[in-house]
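*Asks:* sequence first, predicted model second:
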Amino acid sequence: MNEGRLRIAVLLGGRSAEREVSLNTGDQVAVALESAGHAVTRVDTADIGFIETVRTGGFDVAFICLHGRFGEDGTVQGLLELLELPYVGSGVLASALAMDKVVSKQVFVSAGIKTPAWETVRAGDDVALDAISARLGDKVVVKPVSEGSSVGMSIVHDRNELGPAIEEALRHDHTVLIEQFVAGAEVTVGVLGNEDLEPLPTLEIVPEHEFYDYESKYIPGMSRHIIPARVAEGARRECQRVAVEAHRALRCRGMSRSDTIVTDEGEVYLLEVNTIPGMTRTSLLPDAARAAGIEFPQLCDRLVSLALA
């Protein structure tokens, strides 16, 4: 559905650790929307003056291309609610829930969705490293709770690496998630829609590094995307089901992307949900959409239509 020529504010940049990614995403989205016939203004939210620009700009809709804090976490969504300006993507609650990896995992568990076991550590805690290793195993994943793009993330292979990995994660957040390592294929599933939800084809991520880190995400050639994922058909369907259920459980809107692990036995574990996935032409969600026959400008236009629905 095309709403005709619209005045669209593309919010990009911002102040998080993912600023450069956001600038790239925002620029490519803006070009796509312009090619679809819309009047686009790029608005960098790093300067607080952006609020006045958005308030007085006469925009029909905002397309949020901000990643991480002050963009993906519900803050900008709340501002746009106050300004009564429709925007692409999830609302305040879903954005905040998904941004917090611990709270979102608690929602997954309550919804009956399988997710790896975990512990949390806060700045200043007296950390019982031996107890954590005894419960979760020596090989774990350590992440800041509210960062994206694998910023501050480490895979720990033995007990001796755990302390330094926690310290590194605490450089980026006051709370750290320590997650049981689950071996398997990394499969991500995008979901489009508000009420009627469409899961996109499964996409398997094959990174050049040990895990899908920052370089794997954003440097060409550092990862491969395989569509559909090289797992059994039943596991592919389960990944799609889990992605739709997670989208509903968090009350997402417009789009989401769920990251899962599929074990050799075909079990599916949900890791996290992204409410503002990377939106460059080579990012995961647009790649999966293209496999479903939705080209990038069409995808961006569709997301605007969902925001206005």
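*Replies:* Received, thanks. Residues are numbered from 1 along each chain as shown.
*Asks:* need the contact partners of stretch 135-146.
*Replies:* 68-69, 73, 99-102, 116-120, 132-133, 150-159, 162, 165-166, 168-170, 172-173, 175-181, 211 (C-beta atoms under 8 Å, 6 or more residues apart in numbering). (C-beta placed from N, C-alpha, C; glycine too.)
*Asks:* let's see that with 6 Å instead.
*Replies:* Stretch 135-146 is contacted from outside by 99-102, 117, 152-159, 165-166, 169, 172-173, 175, 177-181, using C-beta atoms under 6 Å, 6 or more residues apart in numbering.
*Asks:* out of those residues, which are buried?
*Replies:* Buried members of the contacts of stretch 135-146, scored by 16 or more other C-beta atoms under 10 Å, are 99-102, 152-154, 156, 165-166, 169, 172-173, 175, 177-181.
*Asks:* I'd say residue 43 and residue 8 touch.
*Replies:* No: between residue 43 and residue 8 there is no contact under C-beta atoms under 6 Å: 10.0 Å.
*Asks:* the residue nearest to residue 45 when sequence neighbours are not counted in helix, strand or coil?
*Replies:* By the measure of C-beta to C-beta, 6 or more residues apart in numbering, the closest residue to residue 45 outside its immediate chain neighbours is residue 14, 4.7 Å from it. What DSSP: H, G, I helix; E, B strand; the rest coil gives for residue 14 is coil.
*Asks:* looks to me like residue 66 is in a helix.
*Replies:* No: if the criterion is three-state DSSP, then residue 66 is coil and not within a helix.
*Asks:* in contact with it, which residues?
*Replies:* 11, 14, 22.
*Asks:* quick one: which of the residues you listed is nearest residue 190?
*Replies:* Closest to residue 190 out of these is residue 22 (18.6 Å), distances taken as C-beta to C-beta.
*Asks:* how about the contacts made by that closest one?
*Replies:* 12, 13, 14, 65, 66, 67.
*Asks:* that one and residue 227: what is the separation?
*Replies:* The gap separating residue 22 from residue 227 is 25 Å, by C-beta to C-beta, to the nearest Å.
*Asks:* same deal with residue 5?
*Replies:* From residue 5 to residue 227 the distance is 33 Å (C-beta to C-beta).
*Asks:* which of those two has more neighbours?
*Replies:* residue 227 (16 against 11; other C-beta atoms under 10 Å).
*Asks:* residues in contact with the more buried one?
*Replies:* 201, 203, 291.
*Asks:* report whether the first one is found in a helix, as I expect.
*Replies:* It refers to residue 201. No: using three-state DSSP, the secondary structure at residue 201 is coil, not a helix.
*Asks:* which ones are touching it?
*Replies:* Contacts of residue 201 by C-beta under 6 Å, 6+ apart are 227, 228, 288, 291, 292.
*Asks:* keep only those of the buried ones among the contacts of stretch 135-146 that are in helices.
*Replies:* With DSSP state H as the criterion, helices contain 99, 101, 102, 165, 166, 169 from among the buried ones among the contacts of stretch 135-146.
*Asks:* wait, what's in contact with the fifth one?
*Replies:* Translated: residue 166. 121, 142, 176 are the contacts of residue 166 under C-beta under 6 Å, 6+ apart.
*Asks:* tabulate those (TSV), appending distance to residue 186.
*Replies:* Formatted as TSV, those follow (distance: C-beta to C-beta, whole Å):
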residue	distance to residue 186
121	25
142	17
176	21
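*Asks:* of these, which is the most crowded?
*Replies:* Going by other C-beta under 10 Å, residue 176 tops the contacts of residue 166 with 26 neighbours.
*Asks:* was I right to think it contacts residue 169?
*Replies:* Yes: look at residue 176 against residue 169 with C-beta under 6 Å: they come within range, at 4.3 Å.
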